[in-house]
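Colleague: One predicted model, sequence on top.
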Amino acid sequence: MAVQRDTQATKARPKRLAHDERRKLIIETTLACLARDGVDGTSLRSVCRALEVAPSLIEHFFDGWHGLLTASYQYLTERFMAQLAPILEMKLPDAHARMDQVIARYLSTDWIGEHTIGANIAFWQLSRTVVDLRPHFTRFLRDRNKLLRAALAELARERGRDIDITELTTTFTLMLDGIWLERSTNPGSLSDKRIVHMCWFWLDAVLPPPPRPRAKAR
């Protein structure tokens, strides 16, 4: 009987998480709270309530509330970049195929989704008062633009187009941001197929592919 009680107690006892797992859980709970409740409804105490832990535990892993916020934003953006960055190293037949992969991966990540946009809107609001967030915003924009710039430059070279790659990257990024905003706030308004078509409609207009050679007359 005692053995049975011990077994039941063991089953009921919650699993003790490793340090990295606990840290990740805290960050993901913070992101979920920001996405659901926004800036006004999210605080260190509300995150602690969601986790059912004391504030002292959070402070064991992060440098206070601002430290948790910056770590959460960094986690969100690094996860997105980690899914996109490997495309630049892939062995693909041409630059068109690489850009196709960039667009497809951009659409397949959780970057386009109501939870991510809700958290990002909250971070944008918080950046006015949480100055520690600002360098992370700059870093993310720099890294994302660097990746897109490399893929676009390769496509421009392949198509023999001499163009300002900085302006090309900036405008393409703005278009992607607009698609991200529309897709995230109005799910179902744009299908993946439509977005891919829109991206290539723009790219083919700005970087027209070279004309195909005419077939020789027989």
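Modeller: Noted; the coordinates are in hand. Numbering: from 1, shown residues only.

Colleague: The protein: helices as residue ranges?
Modeller: Assigned by DSSP state H, the helices in the chain fall at 2-12, 19-37, 44-51, 55-61, 64-84, 95-108, 114-126, 134-158, 165-185, 192-206.

Colleague: Those helices into TSV, with extra columns for mean pLDDT, mean neighbour count and distance to residue 212?
Modeller: Quick note: C-beta positions are derived from backbone N, CA and C, even for glycine. Below are the helices of the chain laid out as TSV (pLDDT from 0 to 100; neighbours: other C-beta atoms under 10 Å; distance: least, C-beta to C-beta, whole Å):
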stretch	mean pLDDT	mean neighbour count	distance to residue 212
helix 2-12	48	8	68
helix 19-37	93	18	47
helix 44-51	94	16	58
helix 55-61	89	14	59
helix 64-84	93	18	31
helix 95-108	91	18	14
helix 114-126	86	18	41
helix 134-158	95	16	15
helix 165-185	90	16	23
helix 192-206	95	14	13
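
Colleague: tell me the centre residue of the chain?
Modeller: residue 80 (3.5 Å; C-alpha atoms, centre = their mean).

Colleague: Return the distance of it relative to residue 140.
Modeller: The gap separating residue 80 from residue 140 is 8 Å, by C-beta to C-beta, to the nearest Å.

Colleague: OK, contacts around the residue nearest to residue 180 when sequence neighbours are not counted?
Modeller: Nearest non-adjacent residue to residue 180, counting by C-beta to C-beta, 6 or more residues apart in numbering: residue 112, 5.7 Å away. By C-beta atoms under 8 Å, 6 or more residues apart in numbering, the contact list for residue 112 reads 106, 180, 183-184.
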